[in-house]
Structures are given as structure tokens and as C-alpha cells.
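K.L.:
A structural model of the following input is requested.
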Amino acid sequence: VRLAIAMDFVRGKDLGEHLEENPAFSEISRAVPFFAKVLDAFAHADAKGLVHRDIKPSNIMVTTEGEPVVLDFGIAKDTQNLEQSLTGTSALLGSRPYMSPEQVSGRELDPRSDIYSFGVTCYQLLCGEPPFRGATAVQIAMQHLKNSPPPLHERNPQIPKTLCRLVHRMMAKRRSLRYQSAEE
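P.N.:
All right, here's what the predicted structure looks like:
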């Protein structure tokens, strides 16, 4: 049995392109509902037993109507049927600047890994820059393992502290300290 994923054609721009034009979400009141809709997509994937494994700005499309669509499940992992995962489970897959600590260290993944990666994406969208920088992707990946991100409110004081806490919790190094599901 071969698995395949088919997706609709979506008109719009991915968040990576959006970031090039607008370094940070300028309207917090628009960002929060947008983030909630992305998390709804994660909850749907989780209900189907899928872990995306490559959440990053360029894998979230913004339609011409301003709605988010999560793209590129090409390296997704089927947690309900490991024999039919779309890709191998032992390879280091994903984009290092957005990888969760468990991805970087090669541990078993679950939906909380996608929550971490989306937290990194939200951080970047809210302040215009990723939490970690380095000369190489490996240096950045190691920071995901060892370093706490700089406080988001210091990079953008206009962000409400409640939203800063939410994003930082999504990026907790230990899975047990993150939100345990997209619905939560």
C-alpha cells in the first residue's frame, strides 16, 4: 500500500513571503485569531494521527482571503500506523531553525513537537526575527536544545504579556511543560 497526500491549489502567499514584506505582524488583534486557526489545523492532523515535522513560515500559506492553510505534509509521521509513515522515522527531518529539541536530539516525536515549531514561527511573526541565530543551521539547532529564547516582550514591547507567555510555553524545552495538544 502506498500513501499519498493530495492538496487543493491555494491562492496566496506563504508566511515566509509575508515576513519578507512585513517583518512582524503589525496587528496583534489579527495575529491571535490567525494563530488559533493554524492550531485548529494541528488539532485536526493530531486527530488523524499525523505529526507534521516541518512547521515553519514557508509551510503555512495565507490565502487571498487572509486564512491560514498548513502545507507540505511530505515528511509527516503517521503515529497511529507506524508501518505506513510517509517517511522513515530515524532520519533527522525538518528545518533546523524551527526544530523542536526532541527533533534535534532524534527522539520520538508527537504533536507537541509541532507545537514547539509553531511557537518558534509565532515568535518570529510577532517580533520580526527568529529566537535563535547562528552561522550554521546546526548552531541554531543546538540553541533549540540548550538555550532559552530571549524574552519576546523585550524584542517587541507592544505584545501583551499574556501572548508572550503563551508563545514561550509553546517553546518550552521539555514537552511536559508545553501545551499538551493544539486544542489546549
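K.L.:
State the helix or strand in which Q103 lies.
P.N.:
Counting by DSSP states H and E, the element that carries Q103 is helix 101-104.
K.L.:
Spatially nearest residue to the most centrally placed residue in the chain, not counting backbone neighbours?
P.N.:
By Cα atoms, centre = their mean, the mean C-alpha position of the chain lies nearest to F118, the distance being 2.3 Å. The spatially closest residue to F118, leaving aside those adjacent along the chain, is I55, at 5.1 Å (Cβ to Cβ, 6 or more residues apart in numbering). All C-beta atoms are positioned from the backbone trio N, CA, C, and that covers glycine.
K.L.:
And M171, by the same measure?
P.N.:
Per Cβ to Cβ, 6+ apart, closest to M171 is G119, 3.9 Å.
K.L.:
What helices and strands are in contact with the helix or strand hosting that neighbour?
P.N.:
Assigned by DSSP H and E, G119 belongs to helix 111-127. Applying 3 or more Cβ pairs under 8 Å, 6 or more residues apart in numbering; DSSP states H and E, one finds that helix 111-127 contacts helix 15-21, helix 28-47, strand 50-51, helix 101-104, helix 152-155, helix 161-170.
K.L.:
Could you dump these into a markdown table and include mean pLDDT and distance to R178?
P.N.:
Formatted as a markdown table, those follow (pLDDT from 0 to 100; distance: least, Cβ to Cβ, whole Å):
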| stretch | mean pLDDT | distance to R178 |
| --- | --- | --- |
| helix 15-21 | 81 | 21 |
| helix 28-47 | 85 | 12 |
| strand 50-51 | 70 | 14 |
| helix 101-104 | 86 | 10 |
| helix 152-155 | 94 | 16 |
| helix 161-170 | 95 | 6 |
